[in-house]
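Engineer: no sequence on hand, only this structure:
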C-alpha cells in the first residue's frame with residue numbers, strides 16, 4: 001500500500017492557507033495598503049506555482065521511475081480517469097452552487113464552467129465566488145498533456161544516460177513559458193497567463209524534481225543545506241514582493257516584470273519543495289513541523305478548502321453588506337476560515353473519499369474470492 005508524504009501534505013496545506021489569506025486580504029483591502037506587509041501579502045499567489053510544481057513532481061514520478069528503473073508505466077486511461085474523479089466531483093458541487101446563486105449565465109456558460117473551459121473565453125462575464133478557479137483549467141490541461149509528454153520523454157531517454165536525458169528533455173519546457181510571456185506582452189494578450197504554456201515552467205520544475213528524486217533518492221547535500229534553501233526562498237520571496245515583479249493591482253506588468261516574476265516564483269517554489277522532495281527526513285525539524293498530524297490532515301482536505309474558501313468569503317461579504325475593499329479583516333478571516341474548514345471536512349469525506357473508493361474499485365485487478373481487498377489509497381496529488 002502506498003503511503004502519503006505527510007510533509008508534502010503539510011506543504012500543500014500551507015499553500016492553500018496562503019491562497020485563502022491572499023483573498024481575505026484582497027477582499028478587505030488590506031493587501032492594497034502601503035508597507036512591506038501588504039506587499040508580501042499580495043504575493044501569496046506564490047502558492048499556485050507551488051501547487052503546480054507538486055503536481056509535476058508527484059504525477060510524473062511514476063513515469064520517471066519507469067524510464068530509470070524499467071518499472072511498468074502508468075496506463076494513460078486509468079491515470080486520466082483517476083484525475084477526473086480526483087478533481088471534478090467536488091468542483092462540480094462548488095461551482096454549480098455558485099453559478100446557481102450568483103450568475104446569470106445561459107446553458108452554454110454553464111457548460112464552459114462545468115468542463116473547465118472558462119479560461120479560454122476571456123470575454124465572458126466573471127462569476128462571483130469563483131475567482132480562484134482559474135488555476136484548475138491549467139491543472140487539467142497538464143493532466144491531459146502529461147501522458148504525451150511522458151511518452152515523448154521516454155522515447156528521448158532510451159539512448160544514453162537516461163536520467164540526464166530526461167532532465168535535458170524537461171529543460172526544453174520552460175522555454176515554452178518564456179516564449180508565452182513574451183508573446184503575451186508583445187501582443188497584449190493577458191489571457192495567455194491563464195493557459196498551460198505560460199505556466200509550464202512550474203510543472204517542468206516538478207517533473208525535473210521527480211527525476212532527481214528517483215535517480216538520487218535522499219540527497220545528503222540537500223538535507224544539509226535545507227535551512228539555507230528555505231531562508232533563500234524567503235529572501236527571494238521578499239524580492240518578489242517588491243514592484244520589480246510588477247504591480248499589486250490588476251494592471252498589466254511590463255515584459256521585464258513578467259519574466260522576473262515567473263523566474264522568482266519558480267525559484268521560490270523549487271527552494272521550498274526541494275528539502276522535502278529530495279531529502280525526505282521524518283526526523284528533521286522541517287518534517288516534524290510540516291508533517292505533524294494536524295497540518296498533514298489539512299493538506300488532505302486542502303483541495304476542498306481551496307474550492308470552498310472563495311464562495312464562503314463572497315457569501316459572507318454579501319450577507320454583511322460590506323463595501324468593496326472595506327470589510328473588517330479579522331471578522332472575515334475568522335468566519336471564512338471556520339466555515340470553510342467545516343465544509344472542507346464534509347466534502348472531503350463525503351465526496352472526495354467516496355470518488356476515490358470508486359476509482360480504486362474500478363481499477364483494481366481481478367483477485368481470488370478468498371483474497372482480502374486492499375484498502376483504498378488516497379492520490380498523492
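Structural biologist: Structure's in. What do you need? Note that the structure is predicted; figures quoted are calculated from it, not measured. Residues are numbered from 1 along each chain as shown.

Engineer: for residue 251, grab the count of nearby residues.
Structural biologist: By other CB atoms under 10 Å, 7 other residues sit near residue 251. (C-beta placed from N, C-alpha, C; glycine too.)

Engineer: quickly find the element holding it.
Structural biologist: Per DSSP states H and E: residue 251 is located in neither a helix nor a strand.

Engineer: what residues are up against it?
Structural biologist: Contacts for residue 251 (CB atoms under 8 Å, 6 or more residues apart in numbering) come out as none.

Engineer: measure it to residue 32 for me?
Structural biologist: 12 Å (CB to CB, to the nearest Å).

Engineer: just residue 173 next, same as before
Structural biologist: Counting by CB to CB, the separation of residue 173 from residue 32 is 34 Å.

Engineer: between the two, who's got more neighbours?
Structural biologist: Higher neighbour count among residue 173 and residue 32: residue 173, with 20 against 15, using other CB under 10 Å.

Engineer: grab the nearest non-local neighbour of that one.
Structural biologist: residue 204 (3.7 Å; CB to CB, 6 or more residues apart in numbering).

Engineer: list the contacts of the one you found.
Structural biologist: Counting by CB under 8 Å, 6+ apart, residue 204 makes contact with 56, 170, 171, 173, 174, 177.

Engineer: drop anything exposed from those residues.
Structural biologist: 56, 170, 173, 174, 177 (16 or more other CB atoms under 10 Å).

Engineer: now the phi/psi pair for the third one, please.
Structural biologist: For residue 173, the backbone dihedrals are phi -70, psi -40 (criterion: degrees, to the nearest 10).

Engineer: quick one: neighbours of residue 188, just the number.
Structural biologist: The tally of other residues near residue 188 (other CB under 10 Å) stands at 7.

Engineer: er, residue 89 actually
Structural biologist: 18.

Engineer: does it touch residue 350 like I think?
Structural biologist: No - between residue 89 and residue 350 there is no contact under CB atoms under 8 Å: 10.0 Å.

Engineer: list the contacts of the spatially most central residue of the chain.
Structural biologist: Note on the chain: the residue nearest the mean C-alpha position is residue 51, at 2.3 Å, using CA atoms, centre = their mean. By CB under 8 Å, 6+ apart, the residues touching residue 51 are 12, 15, 135, 139.

Engineer: which non-adjacent residue is nearest residue 121?
Structural biologist: Setting aside the residues directly before and after it, residue 121 is nearest to residue 112 in space (CB to CB, 6+ apart), at 5.9 Å.

Engineer: I should have written residue 189 there, sorry.
Structural biologist: Leaving aside its sequence neighbours, residue 189 sits nearest to residue 183 (CB to CB, 6+ apart; 6.9 Å).

Engineer: what about the one you found, which helix or strand?
Structural biologist: helix 173-186.

Engineer: in terms of secondary structure, what does the top helix by length along the chain contact?
Structural biologist: Looking across the chain with DSSP state H, the single longest helix is helix 76-102. Helix 76-102 sits against helix 107-114, helix 135-156, helix 302-320, helix 329-347, helix 353-363, with contacts defined as 3 or more CB pairs under 8 Å, 6 or more residues apart in numbering; DSSP states H and E.

Engineer: run through who's touching whatever helix or strand residue 164 lives in.
Structural biologist: Taking DSSP H and E as the criterion, residue 164 maps to helix 162-170. Residues from elsewhere that reach helix 162-170 (CB under 8 Å, 6+ apart): 64, 67-68, 152-153, 156-157, 159, 204, 207-208, 211-212, 214-215.
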